[in-house]
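A.B. asks: Curious how this folds, go ahead:
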Amino acid sequence: CGAEVREDKLFPVLDCYREAVEHDVIYIKTTTKEVSPREFFVRPGHAEKWLDLAAMAKAHGLIDLYDHPAYQAYASICHTIPISGSMIDVSTQGNIQKFYAYFTHDLQPISALRPCQGLPDSLFKNAALLESLGFGRFGIFGVDFEKNSLNLYFYTELTEFNREKIVAIFAALGFALPAEDMLEQMVDAALVYFTFTHTNDRIERVCFTRIYEDDMTGAL
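C.D. replies: All right, here's what the predicted structure looks like:
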C-alpha cells in the first residue's frame, strides 16, 4: 500500500498487544489519499474482550498516556458506562494513535456521557442535531491521541439509511457533497461516525465505514 514501516517501533507495540494481535479480530485501515507517508493502521481488538490498553503500553515501556487529555476522557467514559471490549489503532510507524471501547449491553444516548470528564463541548451542543438525523444511540466510541478528538460510532441498521439520509447529513453539517460514485459506496456503510474536538463547536468530521471481509478490490 506504500506505507512506511518502522519495524524498530512497530514490533514492540505488536508484542505488547500480542494477545489481541494473535487471537482477536484485526481490521486494517488505509486510504487512497495522496499523503506521505501513506496512512496505514493495524486495529487489533474484540467487541467482547476488554484490555487495559494504557496500562499494557506503560508496562512495556512504550508510552505513558495517563496524563493525556484524550486518555482521561476515554477513562472517564469507561468508568461511567459498562464496557465490554476494546480496540487500538497502531500505525506502521509504531505510533499508538487511537483507543476504542464497545459498550456491554444497550446502545447509549449522548446524554449518558454528561457525567464524564474532559469531553468536547461540541459533543453536547450537537446532540439534538444528531438525534434529528436518526442517530440517537451509539455503540462504540474512540479517542485520537494525535488530534485530541472523540469519535462516536452509530450503526446504520438502526435507522433508515439511504442516499437521501446521507445527503441530509451533509446538508445538516454544512459539508460539501462528495462525488456520486462515493455516495454510492456510502449507502452500504455499516457504521457512521462523527468526530468532535475541543476547538470546534460544530461536528468536525463525518465518516462512513464499510467493512470488506473477503475482498479488498473495492475498498476505499
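A.B. asks: Identify the residues contacting F194.
C.D. replies: Applying Cβ atoms under 8 Å, 6 or more residues apart in numbering to F194 gives the contacts 126, 130, 135, 151-152, 154, 203, 205-206. To be clear about C-beta, it is placed using only N, CA and C from the backbone, and glycine gets the same treatment.
A.B. asks: Tell me the one among these nearest to D52.
C.D. replies: If you rank those by distance to D52 using Cβ to Cβ, N151 comes first, at 20.2 Å.
A.B. asks: How about the closest one: which residues does it bridge to?
C.D. replies: N151 has these beta-bridge partners by DSSP bridges: G142, T195.
A.B. asks: Settle this for me: it is touching P120, isn't it.
C.D. replies: No - checked against Cβ atoms under 8 Å, the pair N151 and P120 is beyond contact range at 10.8 Å.
A.B. asks: any shared contact partners between those two?
C.D. replies: Each of F196 lies in contact with both N151 and P120 under the rule Cβ under 8 Å, 6+ apart.
A.B. asks: now, which of the contacts of F194 sits nearest H46?
C.D. replies: N151 (18.4 Å).
A.B. asks: just to revisit the earlier point, among the contacts of F194, which ones are in strands?
C.D. replies: In strands, judged by DSSP state E, the following of the contacts of F194 are found: 151-152, 154, 205-206.
A.B. asks: Turn these into a markdown table, including neighbour count and distance to A70.
C.D. replies: Supplementary listing: the ones in strands among the contacts of F194 in a markdown table, determined by neighbours: other Cβ atoms under 10 Å; distance: Cβ to Cβ, whole Å:
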| residue | neighbour count | distance to A70 |
| --- | --- | --- |
| N151 | 20 | 11 |
| L152 | 23 | 14 |
| F154 | 22 | 20 |
| R205 | 15 | 15 |
| V206 | 17 | 20 |
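A.B. asks: Can you pick out the most distant pair from the residues you listed?
C.D. replies: Spatially, the most separated pair among those is F154 and R205, at 13.9 Å (Cβ to Cβ).
A.B. asks: ok, the residue nearest to Q93 when sequence neighbours are not counted - contacts?
C.D. replies: The shortest distance from Q93 to any residue other than its chain neighbours is 4.6 Å, reached at R6 (Cβ to Cβ, 6 or more residues apart in numbering). Applying Cβ under 8 Å, 6+ apart to R6 gives the contacts 92-94.
A.B. asks: Strands of the chain, residue ranges please.
C.D. replies: Counting by DSSP E, residue ranges of the strands within the chain are 25-30, 40-46, 83-91, 96-103, 108-109, 137-138, 140-144, 149-155, 191-196, 205-209.
A.B. asks: Alpha carbons of the second one, as PDB, please.
C.D. replies: Read it as strand 40-46. Once side chains and other backbone atoms are set aside, the C-alpha atoms of strand 40-46 remain, and they are given as PDB (Å, rounded to 0.1, in the frame of the first residue of the first chain):
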ATOM      1  CA  PHE A  40      -2.000   2.500   7.300                       C
ATOM      2  CA  PHE A  41      -3.300   1.300  10.600                       C
ATOM      3  CA  VAL A  42      -3.500  -2.200  12.200                       C
ATOM      4  CA  ARG A  43      -6.500  -2.500  14.500                       C
ATOM      5  CA  PRO A  44      -6.500  -5.500  16.800                       C
ATOM      6  CA  GLY A  45      -9.200  -5.900  19.400                       C
ATOM      7  CA  HIS A  46     -12.500  -7.500  20.200                       C
END
